[in-house]
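S.K.: no FASTA, just this:
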């Protein structure tokens, strides 16, 4: 089971109300390479992966939920004081007329999240390469968002998340090597 | 929502710092399970985390529930602030 902890993994601060940045950030909330996709991808792959890698998928999948909460916090803080005029100027009036300030799992273009974003092949190497690619895509997405943002407080949190993608990618690469070693060790009598 | 004192942020940040060490060591040990020095570090910081959790909760209420933290009276798990409100 999972236990919720009443704390963020890393402090989230924003300098000003800025719904335009929230529009970009929602890509990492409900987008293809976002944190929801990441958490669900890894936790779902655990059931058919060799025992040696289940712990890693469990722990990274769990950390992704902490990242999802950080993204939600960023969006909440960037939009909570926005007036309808500011919402309109930021180009998120389509979201507003449907959800007000409520969050929704869609990407920066408003496309709702779909399970088609994540893959499970049941083949350990295929799944781990999928995971490495997902981390690299998420890292790149964080970089593109940072490039769009002039909010230094927000960027501090985004840089933390970008670095985590690098660590996860490296751990998944190690997992591939562990499985290759295991396969090499198999004795056929 | 109650005013959040400066000490909330200080204690929370200390906990976040130790937890970062623990997350990093956890993922590292998931792929390096025979690194004794890392395991010693892990157990050291796990103990430190227990101390910080207790210090935080004595002032600002439970961090975990389903019985993983104690409650005072009245039930204070659902007191503000929630993490996104600070």
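M.R.: Ah, there it is. Because the structure is a prediction, the values reported are computed rather than measured.

S.K.: chain A contacts on chain B?
M.R.: Counting by Cβ under 8 Å from any Cβ of the partner chain, the residues of chain B close to chain A are B:9, B:12-13, B:15-16, B:19-20, B:23-24, B:26-28, B:30-32, B:62-66, B:68, B:82-84. C-beta: built from backbone N, CA, C; applies to glycine.

S.K.: now those: which count as buried?
M.R.: Buried members of the residues of chain B next to chain A, counted by 16 or more other Cβ atoms under 10 Å in any protein chain shown: B:12, B:15, B:19, B:23-24, B:26-28, B:30-31, B:62-64, B:83-84.

S.K.: select, from the residues you listed, the two members most distant in space.
M.R.: With Cβ to Cβ as the measure, no two of those lie farther apart than B:31 and B:62, at 32.9 Å.

S.K.: contacting residues for residue B:50?
M.R.: Not one residue lies near residue B:50 by Cβ atoms under 8 Å, 6 or more residues apart in numbering or on different chains.

S.K.: same thing but at 10 Å, please
M.R.: Residues in contact with residue B:50 (Cβ atoms under 10 Å, 6 or more residues apart in numbering or on different chains) are residue B:18.

S.K.: please report phi then psi for the most centrally placed residue in chain A.
M.R.: The centroid of chain A falls nearest to residue A:35 when counting by Cα atoms, centre = their mean (1.8 Å). Per-residue torsions, residue A:35: phi -70, psi -30 (degrees, to the nearest 10).

S.K.: and for the one 5 residues further on?
M.R.: Reported as degrees, to the nearest 10, the phi and psi values for residue A:40 are phi -70, psi -40.

S.K.: test my guess that it contacts residue A:64.
M.R.: Yes. Look at residue A:40 against residue A:64 with Cβ atoms under 10 Å: they come within range, at 8.4 Å.

S.K.: more neighbours: those two, which one.
M.R.: More crowded of residue A:40 and residue A:64, by other Cβ atoms under 10 Å in any protein chain shown: residue A:64, with 24 against 19.

S.K.: top helix in chain A by residue count?
M.R.: When chain A is parsed with DSSP state H, its longest helix is helix A:152-185.

S.K.: report whether that one contacts chain B.
M.R.: Yes. If you take Cβ under 10 Å from any Cβ of the partner chain as the test, helix A:152-185 does meet chain B, through A:160, A:164, A:167, A:168, A:170, A:171, A:172, A:173, A:174, A:175, A:177, A:178.
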